[in-house]
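Novice: Make a model of this:
(2 chains)
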Amino acid sequence: GENVEQHPSTLSVQEGDSAVIKCTYSDSASNYFPWYKQELGKRPQLIIDIRSNVGEKKDQRIAVTLNKTAKHFSLHITETQPEDSAVYFCAATPYNQGGKLIFGQGTELSVKP
Amino acid sequence: GAVVSQHPSWVICKSGTSVKIECRSLDFQATTMFWYRQFPKQSLMLMATSNEGSKATYEQGVEKDKFLINHASLTLSTLTVTSAHPEDSSFYICSAAGLQETQYFGPGTRLLVL
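Specialist: Coordinates of the predicted model:
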């Protein structure tokens, strides 16, 4: 089955710097890759997603890139702000398995003012 | 749009009792809902996929008789933790699938079994 590996597990940056979180997946047939932000004690919130027919997607300070050949995708946050501090999860949807999500282990991002 | 609610948000129960958690999609119909379990500082672990009008599909290692799932309508799925024990204490989160597979999560239910 699908397996998603996420790195790093923790990331600390200065306010204004960029942050990059990387994920790899094992099932080449996976076709949907969302990123979620989870603040302490709250629900995961979808921040951006990408499908397998697209290589890059951007939404203001957030961008996601996908390399299907290498089976990895990355989240890029530019001009980080303290409110970006949270745990970020990547996920992959295996093809034809009812739309379920397989999550990475999570990255705890800390943005220091 | 795409709001998912979950009830209750907190539950404390005695060992051996059963607990029911409700997950509702408030402003859209969801033929598929998912149930996850999350331990402190860990990732979300998929427990089962719930399809409206049919039996749930459980992930490997999840006891279907322990975690009963019912998806009776397009806006409601329930998870019942039967004969709960302290090791069942966790954060349970549901999600509902909207258009194009996007999953929207409920606020979660913290279960503490004494």
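
Novice: Now do stretch B:94-104: everything it contacts.
Specialist: For stretch B:94-104, contacts defined as Cβ atoms under 8 Å, 6 or more residues apart in numbering or on different chains pick out A:32, A:34, A:46, A:49, A:93, A:99, A:101, B:2-4, B:6, B:21, B:23, B:25, B:28, B:30-36, B:77, B:79, B:105-106. (Each C-beta comes from the backbone N, C-alpha and C, glycine too.)

Novice: Could you identify the buried members of those residues?
Specialist: Buried members of these, counted by 16 or more other Cβ atoms under 10 Å in any protein chain shown: A:32, A:34, A:46, A:49, A:93, A:99, A:101, B:2, B:4, B:6, B:21, B:23, B:25, B:28, B:30, B:32-36, B:77, B:79, B:105-106.

Novice: Could you list which of the residues you listed belong to strands?
Specialist: Judged by DSSP state E, the subset of the buried ones among the contacts of stretch B:94-104 located in strands is A:32, A:34, A:46, A:49, B:4, B:6, B:21, B:23, B:25, B:32-36, B:77, B:79, B:105.

Novice: Now do the helices in chain A.
Specialist: For chain A, no helices are identified by DSSP state H.

Novice: Residue numbers of it in contact with chain B?
Specialist: Counting by Cβ under 8 Å from any Cβ of the partner chain, chain A comes close to chain B at A:32, A:34, A:36, A:42-46, A:49, A:89, A:93, A:98-106.

Novice: pLDDT weak spots in chain A?
Specialist: Within chain A, no range satisfies pLDDT under 70.

Novice: can you give me the strands for it?
Specialist: Going by DSSP E, chain A shows strands at A:4-7, A:10-14, A:19-25, A:32-38, A:45-51, A:56-59, A:62-67, A:72-77, A:86-92, A:102-103, A:107-112.

Novice: so which of the ones you listed is the most packed in?
Specialist: Using mean count of other Cβ atoms under 10 Å in any protein chain shown, the stretch among the strands of chain A with the greatest mean number of neighbours is strand A:86-92 (a mean of 25).

Novice: Run through who's touching that strand.
Specialist: By Cβ under 8 Å, 6+ apart, strand A:86-92 touches A:2, A:4, A:6, A:21, A:23, A:25, A:27, A:30, A:32-40, A:44, A:47, A:73, A:75, A:101-104, A:106-109, B:43-44.

Novice: same question, stretch A:36-56
Specialist: A:30-35, A:57, A:59, A:62-68, A:73, A:75, A:86-89, A:91, A:106, B:44, B:93, B:102-108.

Novice: Identify the residue spatially nearest to A:N3, adjacent ones excluded.
Specialist: A:S26 (4.4 Å; Cβ to Cβ, 6 or more residues apart in numbering or on different chains).

Novice: residue contacts, the one you found?
Specialist: Here A:S26 is in contact with A:E2, A:N3, A:V4, A:K71 (Cβ under 8 Å, 6+ apart).

Novice: Would you quantify the distance from the residue at minimal distance from the centre of chain B to chain A?
Specialist: Nearest to the mean C-alpha position of chain B, by Cα atoms, centre = their mean, lies B:W35 at 3.8 Å. B:W35 sits 11 Å away from chain A, going by Cβ to the nearest Cβ, to the nearest Å.

Novice: wait, isn't that residue in contact with B:M45?
Specialist: No - using Cβ atoms under 8 Å, B:W35 makes no contact with B:M45, being 9.9 Å away.
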